[in-house]
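Colleague: Provided below for reference: sequence and predicted model.
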Amino acid sequence: MSILTRIEQGVLTIEFDRLDKKNAITAAMYQQMADALRAAATDDAVRAIVIRGKDEIFTAGNDLEDFLKRPPSSEEDAAKAPVFQFLHEISHAAKPLVAAVSGPAVGIGTTLLLHCDLVYAAEGARFSLPFVQLGLCPEAASSLLLPRLAGYQRAAEKLLLGEPFSAQEAQQIGLVTRVVAGAELHDFALAQARKLAALPASSLRETKRLMKGADTAQMETQMAQEGAVFRRLLQSPEAKEAFTAFFEKRKPDFSRFN
Ligand code: COA
């Protein structure tokens, strides 16, 4: 299993554990995370949730081999797809979510943070949204949430160019709550989650719902629109060239596509 889960002192920890592939997320891993989040929603033993990777890397994002070999073929397929289930659970979680990011957080590794409540990053963390570079488009409602958070021009730089940015910049644009020394990150995030777990759960739930409530419908609409475009682009020759180039360890050549 490439996702570790444990519940201790009111905190569910979900940890990426596929270091040999840079914690790239497969369909099976999305399913495990979706199932863990769904179970946590009704488990009184869980009062806060931590999502973390390893010291070396948070996650390299979606597994590119899955994209290449197992793209969702229809809208019905997509609705049941583990990634969609995961995005639904994380974006509708009533319990507080704490993320701890060390090393690279690529693609969905960055967009999932837009659905977390407290986001802590190690000094050396690097964020990137290389959807356009892969011939794709943003997901997880990031095309709505990132411009809203960072302002259009700052979000456009991140989403159009897809270049990595630092923990300090991520904090400046509002994506990261606090930058923490690398050696302290995972303990610090757990301690913050334990603080949340000790607070009145109903007050936390209501406060989170009041902060997010009005935006939920718009977020869902945007996620569905992104999903439709994403599925179409996944089948495009540009995306196939980008994925193949990654595995052939060469630069993609988009010059023959208009
Ligand atoms: N999907 C599938 N496999 C991946 C992967 C991904 N997203 N990211 C890394 N891997 C695999 C590599 O293919 C390689 O496998 P191998 O050892 O069998 O050749 C292994 O993980 C190590 O990756 P490597 O690229 O050599 O590590 P690195 O330290 O040089 O770079 C990253 C780390 C994260 C910067 C780089 O792997 C990367 O850019 N990955 C792709 C990120 C991406 O585009 N994600 C999709 C976003 S939508």
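Modeller: It's in.
Colleague: so which residue is dead centre in this structure?
Modeller: In the chain, the residue lying closest to the centroid (Cα atoms, centre = their mean) is Leu112, at 2.3 Å.
Colleague: so that residue, which state does it fall into?
Modeller: Assigned by DSSP: H, G, I helix; E, B strand; the rest coil, the conformation of Leu112 is helix.
Colleague: how many residues are close by Leu134?
Modeller: For Leu134, the neighbour count with other Cβ atoms under 10 Å is 23. The way it works is simple: take the backbone N, C-alpha and C, and place the C-beta from them, glycine included.
Colleague: what segments of the stretch 151-258 of the chain are helices?
Modeller: Taking DSSP state H, counting those that start in this stretch as the criterion, the stretch 151-258 of the chain carries its helices at 152-156, 167-172, 185-198, 201-212, 216-234, 237-247.
Colleague: do you know which of those lies nearest the ligand?
Modeller: The ligand sits nearest to helix 237-247 of all the helices of the stretch 151-258 of the chain, at 6.0 Å, using Cβ to the nearest ligand atom.
Colleague: how many neighbours does the residue lying closest to Gly182 once chain neighbours are set aside have?
Modeller: Excluding its sequence neighbours, the residue lying closest to Gly182 (Cβ to Cβ, 6 or more residues apart in numbering) is Ala122, at 3.9 Å. Number of residues near Ala122 (other Cβ under 10 Å) recorded here: 23.
Colleague: same thing with Gln9?
Modeller: Residues near Gln9, counting by other Cβ under 10 Å, number 12.
Colleague: got it, and Gln133?
Modeller: Counted with other Cβ under 10 Å, the neighbours of Gln133 add up to 16.
Colleague: contacting residues for it?
Modeller: Gln133 sits next to Gly162, Ala242, Pro252 when contact means Cβ atoms under 8 Å, 6 or more residues apart in numbering.
Colleague: just give me the closest of those to Thr13.
Modeller: Nearest to Thr13, judged by Cβ to Cβ, of the contacts of Gln133 is Gly162 at 29.6 Å.
Colleague: count the neighbours of the residue nearest to that closest one when sequence neighbours are not counted for me.
Modeller: Distances taken as Cβ to Cβ, 6+ apart place Pro130 nearest to Gly162, at 3.7 Å, with adjacent residues excluded. When neighbours are defined as other Cβ under 10 Å, Pro130 has 18 of them.
Colleague: which SS class is Pro130?
Modeller: Per three-state DSSP, the secondary structure class of Pro130 is coil.
Colleague: residues in the stretch 1-150 of the chain within reach of the ligand, list them.
Modeller: Neighbours of the ligand within the stretch 1-150 of the chain, by Cβ under 6 Å from any ligand atom: 21-22, 24, 60-65, 104, 106-107, 130-131, 134.
Colleague: return the distance of Pro200 relative to Glu206.
Modeller: Pro200 sits 9 Å away from Glu206, going by Cβ to Cβ, to the nearest Å.
Colleague: ok, those two, which is more surrounded?
Modeller: Between Pro200 and Glu206, Glu206 has the larger neighbour count (other Cβ under 10 Å), namely 13 against 10.
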